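K.L.:
Pasting the sequence and the predicted coordinates here, then a few questions.
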Amino acid sequence: NAGVTQTPKFRILKIGQSMTLQCTQDMNHNYMYWYRQDPGMGLKLIYYSVGAGITDKGEVPNGYNVSRSTTEDFPLRLELAAPSQTSVYFCASSSSTSGRYNEQFFGPGTRLTVL
Amino acid sequence: AQSVTQPDIHITVSEGASLELRCNYSYGATPYLFWYVQSPGQGLQLLLKYFSGDTLVQGIKGFEAEFKRSQSSFNLRKPSVHWSDAAEYFCAVGEGFNKFYFGSGTKLNVKP
């Protein structure tokens, strides 16, 4: 099992550009999440998904979009990049089959800089 | 709204010394609490979790945490720190079915 994989690892964007952060998990987890981590801060939830075709907003969704067409993939889209979106982005997944609160497995992160 | 406070931004301990990292939460119902560790350049790894029952929970790598409802705290402890424990530690509270709220983290430095 590769677990949760994210691409790219690093990216520099210019203001106004768009990009998609990829996230894939091979654990057949139904729940997936996107977080951002700003320096000196904890993780903030951007969007989450409880299964293919179902997504919902987290704490800080503005400026982002997601889709979940398959169980494995949960891409995060930035349409008009802004300096405020400079951050480290983490994707995570968890399963709801064995209990109410389950461990979230995290990917290694994508470090994004918007200049 | 739920919130998690980790009052110590940085902590330095000597190798072999004991460690306690503080975590306070604000949550209206019975909390579901977690500690995660993040090594440099890595994602987060679960150390331990508390759902109910015994208020002292054991985790991986020799860590434990104690839930104290009266103090709204869930402090992480380790009796003897190893150099490999140097990392950033995050406390989190779970809401609903799978939404987590994270504290701002505590960076642990271990002196040889």
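P.N.:
The structure has been received and is ready for your questions.

K.L.:
Quickly check: the helix or strand in which A:Leu112 is found near chain B or not.
P.N.:
Assigned by DSSP states H and E, A:Leu112 belongs to strand A:110-114. No. Shown here: strand A:110-114 not in contact with chain B (C-beta under 8 Å from any C-beta of the partner chain), separated by at least 9.0 Å. The C-beta positions use only the backbone N, C-alpha and C, and glycine is treated the same way.

K.L.:
Note down every partner strand of that strand and its orientation.
P.N.:
Note on strand A:110-114: by DSSP bridges, its sheet partners are strand A:10-13 (parallel), strand A:87-94 (antiparallel).

K.L.:
Export these as JSON lines, with columns for mean neighbour count.
P.N.:
What follows is those, written out as JSON lines (neighbours: other C-beta atoms under 10 Å in any protein chain shown):
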{"stretch": "strand A:10-13", "mean neighbour count": "14"}
{"stretch": "strand A:87-94", "mean neighbour count": "24"}
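
K.L.:
mind putting those strands in JSON lines, mean pLDDT included?
P.N.:
Output for the strands paired with strand A:110-114, formatted as JSON lines (pLDDT from 0 to 100):
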{"stretch": "strand A:10-13", "mean pLDDT": "96"}
{"stretch": "strand A:87-94", "mean pLDDT": "94"}
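
K.L.:
just to revisit the earlier point, show me what counts as buried in the strand holding A:Leu112.
P.N.:
Of the residues in strand A:110-114, A:Thr110, A:Arg111, A:Leu112, A:Val114 count as buried by neighbour count, 16 or more other C-beta atoms under 10 Å in any protein chain shown.

K.L.:
what about the nearest residue to the third one once chain neighbours are set aside, distance to chain B?
P.N.:
In space, and not counting its chain neighbours, A:Leu112 is closest to A:Arg11: 5.3 Å by C-beta to C-beta, 6 or more residues apart in numbering or on different chains. In this view, A:Arg11 and chain B are 15 Å apart by C-beta to the nearest C-beta, to the nearest Å.
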